[in-house]
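A.B. asks: sharing a sequence plus its predicted fold:
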Protein chains: 2
Amino acid sequence: MPLNFTVPPVSLALAQALQAKIDQKTKPQGSLGRLEALALQIGLIQNSLSPRLAKPCIIVFAADHGIAAAGVSAYPQAVTGQMVANFLAGGAAINVLARQHGIELLIVDAGVNADLPAHPHLIDAKIAKGTRNFLTHPAMTSIEMLTALHKGADLVSERHQNGCNCIGFGEMGIGNTSSAAAIIHCLTGIALAECVGRGTGLSDDQLAHKTAVLQQALDNHPGITGAVEVLGTFGGFEIAMMTGAYLQAAELNMLIVVDGFIAGAALLAAYQCYPNILDYCVFSHVSHERGHQALLNYFNATALLDMGLRLGEGSGIALAYPLLQSAVLFLNGMASFDEAGVDH
Amino acid sequence: MPLNFTVPPVSLALAQALQAKIDQKTKPQGSLGRLEALALQIGLIQNSLSPRLAKPCIIVFAADHGIAAAGVSAYPQAVTGQMVANFLAGGAAINVLARQHGIELLIVDAGVNADLPAHPHLIDAKIAKGTRNFLTHPAMTSIEMLTALHKGADLVSERHQNGCNCIGFGEMGIGNTSSAAAIIHCLTGIALAECVGRGTGLSDDQLAHKTAVLQQALDNHPGITGAVEVLGTFGGFEIAMMTGAYLQAAELNMLIVVDGFIAGAALLAAYQCYPNILDYCVFSHVSHERGHQALLNYFNATALLDMGLRLGEGSGIALAYPLLQSAVLFLNGMASFDEAGVDH
């Protein structure tokens, strides 16, 4: 089942000129560390010596998971819909952090298991009222998965048409660390136990139960390979929507800011179909959910932040965003040695 | 030579109430990681369940160092004064980063070896035109050192009177990594070679020369112990001013955001006189200047950021500031489980 995106590598045409501009700023060469690498990457993505971050946006995809019925989360499934209401009321962590940095926040019902009241700021993209329980059935049909991919992609296209060139994706979905763990295990070969973490806060016994459930689910679906098939079998609607959103963002030459564990699983599926996507990605933080560091290693990526977060919602994106801004601002705003009359 | 500051430990009176407020927010307990620890620390410093960051400020202290004559820097001494002009013109990295975050920036001539033109935004606190070369003489007299300490303290008092409750200190001074390395070695016992780094960008040979110069300087001043004596013998005017500034900020119950290697050396002197000062400190970043990680270990501190910076100027403070803002904002702005009607 081939997908139909186009993700070329980023052009290196301006690499030398960008590096020269960076090196002429009034600072010892390399002394701004990773900000310099970010400035170079963003300049390359935008193919500009004066890149700008325009209308930054975080899209939060919410959905429920049939696997929640197997007792893999510390919270009841109803919390997914309750948290959507909290997002819409502005009371969640991501609301606070997005407001802080002037980041637009979109909330998407990708498949919450509830009839959510209409709300002017809620985007209805519901595929179904949650996935099937992948302990016994594939989580979604092929049609559902492709619909989710394209709804995610369409939302990104809309933001791009609106002038956004910097985007990230967050999620909310009770049970979705189980889905992400299964995806990461299947697509990377990292041992299942290394992919399964405490999610919202499982005890040792609950963690052992979660791992056993996932092992059973894997045993019940032998021979599933390939990003698309794995996503359909073990995925969530919010995860599939994020995968489509990543691919569209790369196709549109946007800077992609990657959140944590679940966002990483969605990116993994996109990456295995279109490896060039990493050219467009910045990894905002390493989550304390077990498995995320291993996934970053798989991507050969180093996260910008290590704040011990394990919340999702796109919270790491928002925290890292000012660092991206700093990279662009120093490139555009600092004086050169010649301009400032500083010896070098 | 006792100093005359008062730095009590931070009151823990509100610790339980603050932690309860944090735990009632709509997120799994602990899922905001280090932001939660920051919120607690800032709440304790301000003795408030609703702390606020008011009029954040970075003071950049600039001064020259006699040791520069021994060829320990990749840049000529004239760069100190030239960079002060760049700060005043708004073209340096710290200008860009402070503007980004609405942080007030003060530039102080603590002892630049030049007649700097008067400028409405330049604070003249010049002790002398650079320190003496500590290869052969103590860097400063006792009077000079105490004057520097108190000028630094006075500047902080002024900011505090102006409503600032969150402050950090940056520096500029060709040669000052040599001064900082000697101070850190003397006051912690960390091997000299572990304290000496490449500064603005020394080659291997230049680094070996710098280390040899510092070893000779240490040999020429045997038996120097204690923060005050070490600061006077090997310090810089900007470093001594920062030491006084740290102590005054703690005395005034301000949140102190610590920059990198040189800022750390100044804090070390303050800490050895008043160990409670660490209650008020957040370590913004770990510098790539050799010795900084060891110093952080000595403080038993973990920096917020590891961005590969080695610039000084207070750049790490500015980059970390939005994380401190985030901590305060989630504590004040997020809904509780009860307010949002979310199960827990």
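C.D. replies: That came through, no problem. Numbers count the residues shown, from 1 in each chain, chains lettered A, B, ... in the order given.
A.B. asks: hey, let's count contacts and neighbours off CA atoms from now on
C.D. replies: Will do.
A.B. asks: what is A:C57 paired to in the beta sheet?
C.D. replies: Taking DSSP bridges as the rule, A:C57 bridges to A:E104, A:I167.
A.B. asks: settle this for me: it is touching A:H160, isn't it.
C.D. replies: No - at 9.8 Å, A:C57 does not count as touching A:H160 under the criterion of C-alpha atoms under 8 Å.
A.B. asks: and the residue minimising distance to the centre of chain A, what element?
C.D. replies: Central residue of chain A (C-alpha atoms, centre = their mean): A:A263, 3.3 Å from the mean position. Assigned by DSSP states H and E, A:A263 belongs to helix A:261-273.
A.B. asks: need the contact partners of that helix.
C.D. replies: A:3, A:169-171, A:176-177, A:180-181, A:183-184, A:187, A:227-228, A:231, A:239-240, A:242-244, A:246-247, A:258, A:277-278, A:287, A:289, A:291-292, A:295, A:312 (C-alpha atoms under 8 Å, 6 or more residues apart in numbering or on different chains).
A.B. asks: let's go with 6 Å and repeat that
C.D. replies: Contact partners of helix A:261-273, identified using C-alpha atoms under 6 Å, 6 or more residues apart in numbering or on different chains, comprise A:180, A:184, A:227, A:239, A:242-243, A:292.
A.B. asks: between these, which sits nearest chain B?
C.D. replies: When the contacts of helix A:261-273 are compared for distance to chain B (C-alpha to the nearest C-alpha), A:H292 comes out closest, at 14.6 Å.
A.B. asks: from chain B, how far off is the closest residue to the closest one other than its chain neighbours?
C.D. replies: Nearest in space to A:H292, with sequence neighbours left out and distances taken as C-alpha to C-alpha, 6 or more residues apart in numbering or on different chains, is A:F261 at 5.2 Å. Here the criterion is C-alpha to the nearest C-alpha, to the nearest Å. By it, A:F261 lies 13 Å from chain B.
A.B. asks: up against chain B, what does chain A have?
C.D. replies: With C-alpha under 6 Å from any C-alpha of the partner chain as the criterion, chain A meets chain B at residues A:28, A:31-34, A:82, A:86, A:91-92, A:200, A:307-311, A:334-335, A:340, A:342.
A.B. asks: out of those residues, which are inside helices?
C.D. replies: When those are checked against helices (DSSP state H), the matches are A:34, A:82, A:86, A:340.
A.B. asks: residues near the first one, how many?
C.D. replies: Counted by other C-alpha atoms under 10 Å in any protein chain shown, the residues lying close to A:R34 total 18.
A.B. asks: any figure for the gap between the closest residue in space to it that isn't next to it in sequence and B:M140?
C.D. replies: Ranked by C-alpha to C-alpha, 6+ apart and with sequence neighbours excluded, the top spatial neighbour of A:R34 is B:M307, at 5.2 Å. B:M307 sits 34 Å away from B:M140, going by C-alpha to C-alpha, to the nearest Å.
A.B. asks: more crowded one of those two?
C.D. replies: Legend: neighbour count by other C-alpha under 10 Å for B:M307 and B:M140, higher for B:M140 (24 against 21).
A.B. asks: check which helix or strand that one maps to.
C.D. replies: According to DSSP H and E, B:M140 maps onto no helix or strand at all.
A.B. asks: pretty sure it is touching B:V230, no?
C.D. replies: No - taking contacts as C-alpha atoms under 6 Å, B:M140 lies outside contact range of B:V230: 10.4 Å.
A.B. asks: list residues touching both of the two?
C.D. replies: Residues touching both B:M140 and B:V230 (C-alpha under 6 Å, 6+ apart): none.
A.B. asks: all helices of chain A, in order?
C.D. replies: Using DSSP H, helices in chain A cover A:15-23, A:34-46, A:78-89, A:93-101, A:142-161, A:176-188, A:192-195, A:204-220, A:227-234, A:237-251, A:261-273, A:292-298, A:315-333, A:337-340.
A.B. asks: contact partners of the second one?
C.D. replies: For helix A:34-46, the external contacting residues (C-alpha under 6 Å, 6+ apart) are A:10, A:49, A:51, A:327-328, B:307-308.
A.B. asks: wait, what's in contact with A:A245?
C.D. replies: The contact partners of A:A245, by C-alpha under 6 Å, 6+ apart, come to A:152-153, A:156.
A.B. asks: what pLDDT does it get?
C.D. replies: On pLDDT, A:A245 comes in at 98.
A.B. asks: equivalent analysis for A:M1, please.
C.D. replies: With respect to pLDDT, A:M1 has a value of 55.
A.B. asks: same thing with A:V79?
C.D. replies: So, for A:V79, pLDDT stands at 96.
A.B. asks: how near is it to A:I262?
C.D. replies: A:V79 is 17 Å from A:I262, by C-alpha to C-alpha.
A.B. asks: if I look at A:E158, how far off is B:I45?
C.D. replies: To B:I45, A:E158 is 45 Å away according to C-alpha to C-alpha.
A.B. asks: more neighbours: which of the two?
C.D. replies: Neighbour count, other C-alpha under 10 Å: between A:E158 and B:I45, B:I45 has more, with 23 against 11.
A.B. asks: give me the mean pLDDT for stretch A:112-131.
C.D. replies: The predicted model gives stretch A:112-131 an average pLDDT of 96.
A.B. asks: now do stretch A:257-274
C.D. replies: 98.
A.B. asks: in it, what's buried?
C.D. replies: Residues of stretch A:257-274 classed as buried by neighbour count (16 or more other C-alpha atoms under 10 Å in any protein chain shown): A:257-271, A:273-274.
A.B. asks: ditto for stretch A:103-117
C.D. replies: Quick answer for stretch A:103-117 (16+ other C-alpha under 10 Å): A:103-114.
A.B. asks: what's the most buried one of the helices of chain A?
C.D. replies: Mean neighbours per residue, mean count of other C-alpha atoms under 10 Å in any protein chain shown, is largest over those for helix A:237-251, with a mean of 30.
A.B. asks: relative to helix A:142-161, how tilted is that one?
C.D. replies: In terms of direction (axes from the mean of the first three to the mean of the last three C-alpha atoms, to 10 degrees), helix A:237-251 departs from helix A:142-161 by 50 degrees.
A.B. asks: what angle do helix A:237-251 and helix A:261-273 make?
C.D. replies: 50 degrees.
A.B. asks: determine how far helix A:237-251 lies from the middle of the whole chain.
C.D. replies: On the basis of C-alpha atoms, centre = their mean, to the nearest Å, helix A:237-251 sits 9 Å off its chain's mean C-alpha point.
A.B. asks: between it and helix A:34-46, how big is the angle?
C.D. replies: Relative orientation of helix A:237-251 versus helix A:34-46 (the same axes, to 10 degrees): 80 degrees.
A.B. asks: ok, for A:H285, nearest residue in space, not its chain neighbours?
C.D. replies: The shortest distance from A:H285 to any non-neighbouring residue, by C-alpha to C-alpha, 6+ apart, is to A:L305 (4.3 Å).
A.B. asks: to clarify, my last question referred to A:I127.
C.D. replies: With sequence-adjacent residues excluded and distances taken as C-alpha to C-alpha, 6+ apart, A:I127 is closest to A:G111, at 5.2 Å.
A.B. asks: beta-bridge partners for the one you found, please?
C.D. replies: Beta-bridge pairing of A:G111 under DSSP bridges involves A:A63.
A.B. asks: how about A:L309, phi and psi?
C.D. replies: Backbone dihedrals for A:L309, given as degrees, to the nearest 10, come out at phi -70, psi 150.
A.B. asks: list the contacts of it.
C.D. replies: Neighbours of A:L309 in contact, by C-alpha under 6 Å, 6+ apart: A:287-288, B:31-33.
A.B. asks: that one and A:V79, how far apart?
C.D. replies: 19 Å.
A.B. asks: please apply the same query to A:S157.
C.D. replies: To A:V79, A:S157 is 30 Å away according to C-alpha to C-alpha.
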